[in-house]
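Enquirer: Take a look and give me a structure for this.
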Amino acid sequence: MDTSTHLHRQIAERSARVGVIGMGYVGLPLAVRAADLGFRVIGFDVSAERVALLNQGQSYIGDVPAAMLERLHAAGQIEASTDVARMAECDLLIICVPTPLNQTRDPDLAFIISATEAIAASLRPGQLVILESTTYPGTTHEIVQPRLEARGLTVGQEIFLAFSPERIDPGQTSSKGWGVENTPKVVGGVTPRCTELASLFYAQITSHVVPVSSPAAAELTKLFENIFRAVNIALVNELALLCDRMGLNVWEVIEAAATKPYGFMKFTPGPGLGGHCIPIDPFYLTWKAREYDLTTRFIELAGEINTQMPRHVHDLVVRALNRQRKALNGARIILLGVAYKPDVDDYRESPALKVLELLAQDGAEVIPCDPHVTSFTSHHGQHYTTTPLSEDLLRGCDCAVIITNHRAFAYEEIVRLAPAVVDTRNATAHLAPELRAKVDLL
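Expert: Alright, predicted model coming up:
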């Protein structure tokens, strides 16, 4: 029996040992889903603290219930380790590590390279390696494949390699019902057999698998998904800036346009982009496009518009203070929401961080409040602790700024008690007109 046939049978019978590298927002839900379906899973992470928590059955990701993790760990279906030598025990190895940008906004593949080299150190025939980390088209072929084949094993014959982009959206499992089990998976293998084996695995995990012709096609698919959102958000952010100059309510215009039953897709403005994907992914493609002597002007313009939105929020705060005959310097500003989206604790690339920085630079005392985030670190490494929202805090501030529309915030009380409110999310839309009159909308 050749290696691919044996691996095919292991995956189909769910007897294959699965290793997931990176126990963050992407890797942990995937590992738990595989373990819950009967695969034996090892979760690898460089953080000894994370590994210790997982081996105690404790979850630090909102979409992974602690009770489920505890049950699977007790049953021996899932464990965590920092020992990369144990990757040799795994039949499937899935890379779910971060892909940030460096200081010049170029792709930083250090985590992918480190994970690939760890796999290569103990690589053996019959293993399937899948890269899930978001990256530019060509990464699987140019970065991962040569490092694996340096061990003398050929992809498509002794070992197998594919790319399948992660599509995790933190908080969606509970709020909208989209999780690992029902979000379609795009899969592109280096060879047809690689695609077949990776697709077979994901068919056990999720409801729908979409094979494509190559890893590069799958890599570009993920970038296109997020660039599509970034460009449309930029368009509506620019509309918000124009409506502000024209004295029109952009939210009213958007809601009216959304009544058209065809040819229109609703996007909403905001204080800036947040999360790991949408603020970062477009730069991966613009960087790669330069290799082909192409300037992706449309994508870069969208990035310029989106990155100026925190400055617009700053200016709205100044305007709200001016009406009270107050200066920003010395003003007490409550920042409502640190997370980048509602009802989650994920503050990666959150626009709140930039808004805080801009207000503080001009002398404001900024008090961040978030029921889901107890502490956070700014882009410059400064550590902050959030403050619980209270009536006294609202009465004692000069302006409250709604950055994240968490359901836990009592918006009527916020508007009633705060001297001024800047609402960047239209979270106060349901309030009575007399209260709304106090609010500056984005």
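Enquirer: My read is that residue 337 contacts residue 400, right?
Expert: No. Judged on Cβ atoms under 8 Å, residue 337 makes no contact with residue 400 at a distance of 10.6 Å. C-beta: built from backbone N, CA, C; applies to glycine.
Enquirer: of these two, who's got more company?
Expert: Taking neighbours as other Cβ atoms under 10 Å, residue 337 and residue 400 compare with residue 337 leading, 31 against 28.
Enquirer: how about the residue lying closest to the more buried one once chain neighbours are set aside, what does it touch?
Expert: Counting by Cβ to Cβ, 6 or more residues apart in numbering, residue 337 lies nearest to residue 404, which is 2.5 Å off, once chain neighbours are set aside. Listed by Cβ atoms under 8 Å, 6 or more residues apart in numbering, the contact partners of residue 404 are 336-342, 350, 352, 370, 425.
Enquirer: One more: residue 258?
Expert: Counting by Cβ under 8 Å, 6+ apart, residue 258 makes contact with 264, 266.
Enquirer: Most neighbours out of the contacts of residue 404, which is it?
Expert: Within these, residue 337 tops the neighbour count with 31 neighbours, counted by other Cβ under 10 Å.
Enquirer: per-residue confidence at that residue?
Expert: Looking at residue 337, its pLDDT is 97.
Enquirer: Residue 180 now?
Expert: pLDDT, read off for residue 180, is 89.
Enquirer: and what of residue 278?
Expert: pLDDT, read off for residue 278, is 74.
Enquirer: quick one: it and residue 233 touch, right?
Expert: Yes. Using Cβ under 8 Å, residue 278 is in contact with residue 233, at 7.4 Å.
Enquirer: Tell me the spacing between residue 351 and residue 49.
Expert: Distance of residue 351 to residue 49, computed by Cβ to Cβ, to the nearest Å: 28 Å.
Enquirer: ok, those two, which is more surrounded?
Expert: Comparing residue 351 with residue 49 by other Cβ under 10 Å, the one with more neighbours is residue 351, at 24 against 9.
Enquirer: what residues does the helix or strand where residue 282 lies touch?
Expert: Per DSSP states H and E, residue 282 falls inside helix 281-289. Applying Cβ under 8 Å, 6+ apart, the contact partners of helix 281-289 are 99, 101, 105-107, 134-138, 220, 222-223, 226-227, 230, 295-296, 299-300, 302-303.
Enquirer: Next SSE downstream of the helix or strand of the chain with the lowest mean pLDDT?
Expert: Here the helix or strand of the chain ranked lowest by mean pLDDT, DSSP states H and E is helix 172-175, holding a mean of 52. As assigned by DSSP H and E, the chain's next helix or strand after helix 172-175 is strand 185-189.
Enquirer: tell me the angle of the helix or strand that that following strand is followed by relative to strand 185-189?
Expert: As assigned by DSSP H and E, the chain's next helix or strand after strand 185-189 is helix 192-205. Going by axes from the mean of the first three to the mean of the last three Cα atoms, to 10 degrees, helix 192-205 is angled at 160 degrees with respect to strand 185-189.
Enquirer: What's the mean pLDDT across helix 192-205?
Expert: 97.
Enquirer: quick one: contacts for residue 430?
Expert: Listed by Cβ under 8 Å, 6+ apart, the contact set of residue 430 reads residue 411.
Enquirer: Helices of the stretch 1-150 of the chain, residue ranges please.
Expert: Counting by DSSP state H, counting those that start in this stretch, one finds helices in the stretch 1-150 of the chain at the ranges 3-13, 27-36, 48-54, 66-74, 110-121, 139, 145-149.
Enquirer: I'd like to know which elements the longest one is packed against.
Expert: Looking back up the chat, that one is helix 110-121. For helix 110-121, the packing partners by 3 or more Cβ pairs under 8 Å, 6 or more residues apart in numbering; DSSP states H and E come out as strand 17-21, strand 92-95, strand 128-131, helix 145-149.
Enquirer: what's the most buried one of those?
Expert: strand 128-131 (a mean of 28; mean count of other Cβ atoms under 10 Å).
Enquirer: burial of residue 34, as a residue count?
Expert: Counted with other Cβ under 10 Å, residues neighbouring residue 34 total 26.
Enquirer: from memory it sits against residue 41, does it?
Expert: Yes. Assessed by Cβ under 8 Å, residue 34 is found in contact with residue 41 at 5.2 Å.
Enquirer: Give me the common contacts of the two.
Expert: 18, 20.
Enquirer: Can you give the domain ranges for this protein?
Expert: 3-213, 235-441 (automatic domain parsing).
Enquirer: distance between the first one and the chain's centre?
Expert: The one in question is domain 3-213. Counting by Cα atoms, centre = their mean, to the nearest Å, domain 3-213 is centred 17 Å from the centre of its parent chain.
Enquirer: and that domain, how far apart are its ends?
Expert: 22 Å (Cα to Cα, to the nearest Å).
Enquirer: How about the contacts made by the nearest residue to residue 206 once chain neighbours are set aside?
Expert: Leaving aside its sequence neighbours, residue 206 sits nearest to residue 185 (Cβ to Cβ, 6+ apart; 5.3 Å). Neighbouring residues of residue 185 by Cβ under 8 Å, 6+ apart: 164, 167, 202, 205-206, 208-210.
Enquirer: and for stretch 31-41, what are the contacting residues?
Expert: The contact list for stretch 31-41 (Cβ under 8 Å, 6+ apart) reads 14, 16-20, 23, 43, 64, 68-69, 72, 76-79, 179-181, 204-205.
Enquirer: Thank you, goodbye.
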